[in-house]
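**Q** just coords:
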């Protein structure tokens, strides 16, 4: 069973603003039956055609898709168009108290529908969908080369989501956009896109600097721990905290699943190897009691 | 909230008589059946009795029964063994609608240089026997086909398929975890070589399975390192669960008729009432021979997870072929293989009953289900034109 927050459950069981607006000023539609979820968003503007006075939705999809749509309509009401456009998919997820990562694509769908509705209303050029995929097209209003053929998702769209959410793995991209989630054929292409978006930085093997001032060294140690070590520990439900840096000695305390873990000695050696590799050769990692 | 449990193809309640049977084998009669002393010996006696009870349900001999940890282990052991005993045969046949316990293993074999054929099914989920006949050749090591499908309940003609496999000298294995206890099975006089069973699908606890191995069938063990199960499956016996499974098989035999009369009537009443009350619905595999306890109904224009969670709010437990429930993104491979249209593959709900299901529970589901579908359809941007018509 999914671990949905009480807010997700509430918006699923008691969705706000379900339905259509016959004289809507803006309508945005994303998703399809084939994809397994779809959202049609209706916006009504005030007389100055700036402020959103009403928002309604129709959604086909799972509980988190319905909850995300409901949340979105609540969030945009009373906002002017530019304020509404500033809402990110993460904002929608935050409004709901969080979504399981596998369901983040529901929040992305909400944000997209909003963007499409406003672009259409403003008459901004929205390229036609290329029509080559008969199984439906998740985000028809994004031009570009189709990367995921199963869900009809383009490179333009994927790059945008990768950039906004700072996604670093193909699996995350699948959770956020569904791309790569069916046949998996496009996963190498998704990895390429990640590399493009995040810059060469992530591709180039990083090297240990020749010389480091003490201050720089401390900064670099912190950076490596944040970027290279902690995400690995999170994956196993663990964590660590940097306690002190004294010359070559780096003291860390293990937290969560790592605390008291029988193999924390190995983990400490792994951390040490990473730091020796990327910061300085003489680093010694010491574990201090949590 | 009292549950209405219609998800018996996922797992079943342990029968209380089964639990009583196993209870003494934890804290009192905890001996190891391999031991020389009386204390282990009395457990050995019960394990022997359990083996005979399992064999009786299958129409098999006790020595043809190998206890394993689960149906998945049995499936893995059967396929691996066949490849080891026929090292020169490099072809494996299965179906597109198998349980992942078989399908994943077969697909992994392609990376080891095996040729793998996945036989298709028709719109009602029936196996394409012509495709099977054409696929089996003298390079085929094993044909593994499920007895009954977990999602739709559709029954495959496994005897006929086994005869086809045998005609080219291939071994035949059937994943029968959904069939055993629901429909009669008789291995005496059958051409099936290997069969997988899972205890928790027939009111025994989780963590116990069986690999039936026809006498004389060549076999290489999956787990080695002990003489247990005549060296065919090393590891100290899960005695309490084995004894429980023996009792569960004995009870399954007793309830077999009820399963095919009372439970089947409840299943039929449920699906008929829902089909009458809900427009734009279809029974997946409705045209095929099916298990008496299972029905999978596809509702157009709505999504399965949302249906399940609304049912769950009312205490009703069911399952779906929906992608969103599993974290994968494609609807069930079974429904896809059957060609179920996308308009309803995402909205398929499986109800699987058991001998514990009551008429009153069926009444509640018949009452609660149509408004749930109506509520979600009202929310859906699709199907307005269809549903009006």
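**A** Yep, that arrived. Bear in mind the structure is a predicted one, so any value in this text is a computation, not a measurement.
**Q** what's the distance between residue B:358 and residue A:195?
**A** Distance check for residue B:358 against residue A:195: by C-beta to C-beta, to the nearest Å, it reads 59 Å. All C-beta atoms are positioned from the backbone trio N, CA, C, and that covers glycine.
**Q** hmm, which helix or strand of chain A has the shakiest average pLDDT?
**A** The weakest-scoring helix or strand in chain A, judged by mean pLDDT, DSSP states H and E, is helix A:230-235 (a mean of 77).
**Q** what's in contact with that helix?
**A** A:239-240, A:256, A:258, A:267, A:270 (C-beta atoms under 8 Å, 6 or more residues apart in numbering or on different chains).
**Q** in strands only, show me the residues you listed.
**A** Applying DSSP state E to the contacts of helix A:230-235, the entries found in strands are A:239-240, A:256.
**Q** most neighbours, which of those residues?
**A** When neighbours are counted by other C-beta atoms under 10 Å in any protein chain shown, residue A:240 leads these with 23 neighbours.
**Q** need the contact list for the spatially closest residue to residue B:175 that is not a sequence neighbour.
**A** Leaving aside its sequence neighbours, residue B:175 sits nearest to residue B:146 (C-beta to C-beta, 6 or more residues apart in numbering or on different chains; 4.4 Å). Taking C-beta under 8 Å, 6+ apart, we find residue B:146 in contact with B:95, B:97-99, B:102, B:156, B:174-176, B:178.
**Q** so residue B:146: helix, strand or coil?
**A** coil (DSSP: H, G, I helix; E, B strand; the rest coil).
**Q** pLDDT score assigned to it?
**A** With respect to pLDDT, residue B:146 scores 98.
**Q** repeat that for residue B:340.
**A** 89.
**Q** hmm, residue B:284 and it touching each other?
**A** Yes: if you go by C-beta atoms under 8 Å, residue B:340 and residue B:284 touch, sitting 6.0 Å apart.
**Q** which one of those two has more residues nearby?
**A** Applying other C-beta under 10 Å to residue B:340 and residue B:284 shows that residue B:284 carries more neighbours, namely 31 against 25.
**Q** give me the buried positions along the least confident helix or strand of chain A.
**A** A:230, A:233 (16 or more other C-beta atoms under 10 Å in any protein chain shown).
**Q** next, the buried residues of stretch A:180-192.
**A** Neighbour-count burial for stretch A:180-192 [16+ other C-beta under 10 Å]: A:180-182, A:186-187, A:189-190.
**Q** what's the answer for stretch A:213-231, then?
**A** Of the residues in stretch A:213-231, those buried (16+ other C-beta under 10 Å) are A:217, A:220-221, A:224-225, A:229-230.
**Q** with stretch B:155-169 instead?
**A** Those would be B:155-158, B:161-162, B:164-166, B:168, for stretch B:155-169 by 16+ other C-beta under 10 Å.
**Q** which of the contacts of residue B:146 has the largest number of neighbours?
**A** residue B:175 (32 neighbours).
**Q** tell me the confidence at it?
**A** For residue B:175, the predicted pLDDT is 98.
**Q** over to residue A:108?
**A** pLDDT, residue A:108: 90.
**Q** cool, and residue B:130?
**A** For residue B:130, the predicted pLDDT is 97.
**Q** now it: how far from chain A?
**A** 27 Å (C-beta to the nearest C-beta, to the nearest Å).
**Q** neighbours around that residue, how many?
**A** 9.
**Q** who's in contact with it?
**A** Residue B:130 neighbours (C-beta under 8 Å, 6+ apart): none.
**Q** where's it, which helix or strand?
**A** Assigned by DSSP states H and E, residue B:130 belongs to helix B:129-135.
**Q** show me how chain B divides into domains.
**A** Recorded structural domains for chain B (assignment: automatic domain parsing) are B:4-10+B:255-388, B:16-251.
**Q** just give me the neighbour total for the nearest residue to residue B:214 once chain neighbours are set aside.
**A** Counting by C-beta to C-beta, 6+ apart, the nearest residue to residue B:214 once its immediate chain neighbours are dropped is residue B:193, at 4.9 Å. Neighbour count for residue B:193, taken as other C-beta under 10 Å: 26.
**Q** and the residue nearest the centre of chain B?
**A** residue B:178 (2.7 Å; C-alpha atoms, centre = their mean).
**Q** ok, for that residue, nearest residue in space, not its chain neighbours?
**A** Using C-beta to C-beta, 6+ apart, the nearest residue to residue B:178 is residue B:148, at 4.5 Å.
**Q** and the lengthiest helix in chain A, what does it pack against?
**A** Counting residues, the longest helix in chain A under DSSP state H turns out to be helix A:104-121. Secondary-structure packing of helix A:104-121 (3 or more C-beta pairs under 8 Å, 6 or more residues apart in numbering or on different chains; DSSP states H and E): strand A:26-32, strand A:37-45, helix A:63-76, helix A:81-85, helix A:89-95, helix A:155-165, helix A:170-177.
**Q** the residue nearest to residue B:178: neighbour count?
**A** Neighbours around residue B:148, by other C-beta under 10 Å: 24.
**Q** tell me the phi and psi of residue A:244?
**A** Taking degrees, to the nearest 10, you get phi -160, psi 150 for the backbone angles of residue A:244.
**Q** right, and it touches residue A:221 too?
**A** No: look at residue A:244 against residue A:221 with C-beta under 8 Å: they stay out of range, at 10.8 Å.
**Q** point me to the helix or strand that includes the residue in the stretch 51-200 of chain B that chain A sits nearest to.
**A** Closest contact between the stretch 51-200 of chain B and chain A, by C-beta to the nearest C-beta, is at residue B:107 (12.0 Å). Assigned by DSSP H and E, residue B:107 belongs to helix B:100-109.
**Q** now tell me what touches the helix or strand just after that helix from outside.
**A** Reading on from helix B:100-109 to the C-terminus, the next helix or strand found by DSSP H and E is strand B:115-119. Contact with strand B:115-119 is made by B:90-96, B:103, B:106-107, B:109-110, B:127-128, B:131-132, B:135, B:139, B:145, as judged by C-beta under 8 Å, 6+ apart.
**Q** can you tell me how far residue B:306 is from residue A:60?
**A** On the measure of C-beta to C-beta, residue B:306 and residue A:60 end up 9 Å apart.
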